[in-house]
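[1] Can you look at this prediction? I've put the sequence above it.
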Amino acid sequence: MGATAQKDAPPTVEAVAPALSEDTSERTNSDQPIKEKSVAGGCLSVVVLGASGDLAKKKTFPAIFNLYKQGFLPDEMHIFGYARSKMTDEELREKLRGYLKPDRIDPAKDPEDVIKQFLNKITYIHGAYDADESFIQLNEEVSRHEQKRSDDVSPTRRLFYLALPPSVYPLVSKRISKHCMNQRGWTRVIVEKPFGKDLESSEALSSELGALFSEDQLYRIDHYLGKELVQNLLVMRFANRFFVPIWNRDNIASVQIVFKEDFGTQGRGGYFDEYGIIRDIIQNHLIQILCLLAMEKPISLSPEHIRDEKVKVLECIKPFNDKEVVIGQYEGYKDDQTVPNDSSTPTFASLVLHINNERWDGVPFILKAGKALDSRKAEIRVQFKDAPGDIFKCKKQGRNEFVMRLQPKEAMYMKLTVKEPGLDMRATQSELDMSYHQRYQDIVIPEAYERLILDT
Ligand SMILES: NC(=O)C1=CN([C@@H]2O[C@H](COP(=O)(O)OP(=O)(O)OC[C@H]3O[C@@H](n4cnc5c(N)ncnc54)[C@H](OP(=O)(O)O)[C@@H]3O)[C@@H](O)[C@H]2O)C=CC1
Ligand SMILES: O=C1O[C@H](COP(=O)(O)O)[C@@H](O)[C@H](O)[C@H]1O
């Protein structure tokens, strides 16, 4: 809900930015450039595996740039893009340039120079995901950078971001663990959702990664949890007295969580076709939102207490009814060169979940996600029941609905019962900031993100 929420903003690492500042009083969400801060120094190497892909260009590199342009990263940082595709450093830089936004840069600096300096910090290495020699070479490149930018005694830091399909994680992780571990400081590995393909592969992945890295070296990311509106759900529900008594089956008729994109796979068939829309969006992003909407108040804001409450919600969900599931594939999906001609992977799915507990019994949670649809939108719609004893006789459709929008622009508004159908009372972003922002600053940076780069 903060004013910085922008279309296509890379939220996950963006949410980390304030946590990198030594002075946490600067956790603002203003559009103003943030005064430059010194960050716990030392040599930092960020390795983006899958650097040729969609996530890397749309989210990972822009997120690192957002930190860089606000002065949250040390001068001694270097980024290594790694993938199988053949590309030069310059080709990768050109591919990324258009995704790096010049906003929030110190006005004393030329934004073009800042972008250029950042791009010059990126080197591309092409190699296989299953070849030891490629990772030996990667390790040599990283060590060379460390030798150049650090003395022999200071600790160094290595962050590996796996912007890859999950099926590749074990191959890559084994080789990172064997050849690329930092001998002079921390090593961290970030893995993306979906975490496996089904229960069996997810458990196998857990034990494979668990055998290679300790829990504090491993970061599992769902970038929807970094979106400001999603981070604010707990505050909204549990810190605002007026929400507390109405958030239940007595007052709420249904909840919809909707994700729509107006573009298709755009060459991402290599990842997407193996997973489909349910694993890509519903199982992680939408289910995380559902948990935050439906869970009971956690004992505290510790990640463990929040997780425990989410698990209770998941355990109460009834197996779903086939009649309440719709799946489909958009026309033209198979024209994408990266998608097999005989693919039956769903690109659209809608399903109804029922939470069998005292708070939610009888309230349908409708989850919908689709690619290549009519518009781009991500929102939560909470339909309240009608106030008893209607005297207004106006159209019922669309009233008493509370909408929280994540895309294209984060916003929250209530459709009140009004005589003129369709008249909404929309709060402006600044009003929302005033009502929620103060508390938000105090609590929401998840500890796991803070630990990611703050610890040295
Ligand atoms: N795209 C997005 O907006 C988001 C994606 N994610 C997650 O990021 C991960 C990667 O997704 P995304 O970047 O979109 O997907 P891509 O299809 O763009 O894949 C990324 C890179 O991985 C390599 N790759 C693709 N398919 C395979 C394969 N079958 N075997 C080995 N390597 C392969 C390719 O690099 P090369 O061939 O050059 O080695 C490709 O450039 C997924 O887990 C996804 O859930 C998460 C949030 C947002
Ligand atoms: O995780 C993913 O998310 C993106 C959409 O993210 P958004 O922040 O731009 O809404 C989606 O395009 C992609 O398929 C999926 O892997």
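    Great, that's in hand. Numbers count the residues shown, from 1 in each chain. Ligands and ions are numbered 1, 2, ... in the order given.
[2] Would you check how far apart the residue in the chain sticking out farthest from the centre and ligand 2 are?
    Outermost residue of the chain with respect to the C-alpha centroid, by Cα atoms, centre = their mean, is residue 391; its distance is 44.5 Å. Separation of residue 391 from ligand 2 (Cβ to the nearest ligand atom, to the nearest Å) stands at 41 Å. (Each C-beta comes from the backbone N, C-alpha and C, glycine too.)
[3] Give me the residues contacting the helix or strand where residue 270 lies.
    In this assignment (DSSP states H and E), residue 270 forms part of helix 269-277. With contact meaning Cβ atoms under 8 Å, 6 or more residues apart in numbering, helix 269-277 is reached by 53-54, 164-167, 194, 197, 265, 280, 327, 336-340, 343, 345-349, 369-371.
[4] do the same with stretch 243-262
    The contact list for stretch 243-262 (Cβ under 8 Å, 6+ apart) reads 236-238, 281-282, 285-286, 289-290, 293-294, 359-385, 407.
[5] among those, which are within reach of ligand 2?
    When contact is defined as Cβ under 6 Å from any ligand atom, the contacts of stretch 243-262 meet ligand 2 at 378, 407.
[6] Now, of the contacts of stretch 243-262, which are buried?
    For the contacts of stretch 243-262, a neighbour count by 16 or more other Cβ atoms under 10 Å gives the buried set as 236-238, 281-282, 285-286, 289-290, 293-294, 359-360, 363-373, 378-384, 407.
[7] Could you report the pLDDT at residue 123?
    Listed pLDDT for residue 123 reads 98.
[8] you'd agree it is up against residue 78?
    Yes: using Cβ atoms under 8 Å, residue 123 makes contact with residue 78 at a distance of 6.9 Å.
[9] In terms of neighbours, single out the busier of the two.
    More neighbours surround residue 78 than the other of residue 123 and residue 78, with 20 against 16 (other Cβ atoms under 10 Å).
[10] The more buried one: helix or strand, and which one exactly?
    Applying DSSP H and E, one finds residue 78 within strand 77-83.
[11] Sheet partners, orientation included, of that strand?
    Sheet pairing of strand 77-83 (DSSP bridges) gives strand 43-49 (parallel), strand 122-126 (parallel).
[12] Tell me which of those is the most buried.
    Neighbour counts (mean count of other Cβ atoms under 10 Å) averaged over each of the strands paired with strand 77-83 peak at strand 43-49, with a mean of 25.
[13] following that strand, which helix or strand comes up?
    With elements assigned by DSSP H and E, the helix or strand that comes after strand 43-49 is helix 54-55.
[14] How far away from the center of its chain is that following helix?
    12 Å (Cα atoms, centre = their mean, to the nearest Å).
[15] hang on, the earlier thing: show me what counts as buried in the strand holding residue 78.
    Neighbour-count burial for strand 77-83, with 16+ other Cβ under 10 Å as criterion, is recorded at 77-83.
[16] Please work out which residue of the stretch 151-300 of the chain is closest to ligand 2.
    Residue of the stretch 151-300 of the chain nearest ligand 2, by Cβ to the nearest ligand atom: residue 280 (4.7 Å).
[17] what's the closest non-adjacent residue to that residue?
    Once flanking residues are discounted, residue 280 sits nearest to residue 272: 6.3 Å by Cβ to Cβ, 6 or more residues apart in numbering.
[18] residues in contact with residue 145?
    43, 45, 78, 80.
[19] pLDDT score for the last one?
    Think residue 80. Listed pLDDT for residue 80 reads 98.
[20] you'd agree it is up against residue 48?
    Yes: shown here, residue 80 and residue 48 form a contact pair, counting by Cβ under 8 Å, at 7.2 Å.
[21] Kindly identify which of the contacts of helix 269-277 also come near ligand 1.
    Under the cut-off given by Cβ under 6 Å from any ligand atom, ligand 1 has 53-54, 164-166, 194, 280 from the contacts of helix 269-277 close to it.
[22] Can I get those residues in JSON lines including pLDDT?
    Below are these laid out as JSON lines (pLDDT from 0 to 100):
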{"residue": "53", "pLDDT": "96"}
{"residue": "54", "pLDDT": "96"}
{"residue": "164", "pLDDT": "97"}
{"residue": "165", "pLDDT": "95"}
{"residue": "166", "pLDDT": "94"}
{"residue": "194", "pLDDT": "96"}
{"residue": "280", "pLDDT": "97"}
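[23] quick one: which of the residues you listed is nearest to residue 318?
    Relative to residue 318, the closest of those is residue 194; by Cβ to Cβ it sits at 22.2 Å.
[24] What number of neighbouring residues does the closest one come out with?
    For residue 194, using other Cβ under 10 Å, the count is 23.
[25] Surely it is in a helix?
    No: counting by DSSP: H, G, I helix; E, B strand; the rest coil, residue 194 is not found in a helix; it is coil.
[26] Quickly note the distance from the residue lying closest to it once chain neighbours are set aside to residue 248.
    Counting by Cβ to Cβ, 6+ apart, residue 194 lies nearest to residue 279, which is 4.5 Å off, once chain neighbours are set aside. Separation of residue 279 from residue 248 (Cβ to Cβ, to the nearest Å) stands at 31 Å.
[27] What of residue 238?
    Residue 238 is 14 Å from residue 248, where distance means Cβ to Cβ.
[28] Likewise for residue 211?
    43 Å.
[29] More neighbours: the two, which one.
    Legend: neighbour count by other Cβ under 10 Å for residue 211 and residue 248, higher for residue 248 (13 against 10).
[30] Can you show me the CA trace of stretch 79-99 as CSV?
    C-alpha atoms of stretch 79-99 as CSV (Å, rounded to 0.1, in the frame of the first residue of the first chain):
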residue,chain,number,x,y,z
ILE,A,79,27.5,-10.0,-9.9
PHE,A,80,28.1,-13.2,-11.9
GLY,A,81,25.3,-14.2,-14.3
TYR,A,82,25.5,-17.9,-15.1
ALA,A,83,23.5,-20.0,-17.6
ARG,A,84,23.9,-22.4,-20.5
SER,A,85,23.0,-19.9,-23.2
LYS,A,86,25.9,-18.4,-25.1
MET,A,87,26.1,-14.7,-24.5
THR,A,88,28.8,-12.1,-23.9
ASP,A,89,28.9,-9.8,-20.9
GLU,A,90,27.7,-7.0,-23.1
GLU,A,91,24.8,-9.0,-24.5
LEU,A,92,23.6,-9.8,-21.0
ARG,A,93,23.9,-6.1,-19.9
GLU,A,94,22.0,-4.9,-23.0
LYS,A,95,19.2,-7.5,-22.2
LEU,A,96,18.9,-6.2,-18.6
ARG,A,97,19.3,-2.5,-19.3
GLY,A,98,15.6,-1.8,-20.1
TYR,A,99,14.5,-3.4,-16.8
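[31] The stretch 151-300 of the chain against ligand 1: which residues are in contact?
    Counting by Cβ under 6 Å from any ligand atom, the residues of the stretch 151-300 of the chain that sit close to ligand 1 are 163-166, 168, 192-194, 223, 268, 270-271, 280.
[32] ok, residue 291 to residue 222 distance?
    Distance from residue 291 to residue 222, by Cβ to Cβ: 11 Å.
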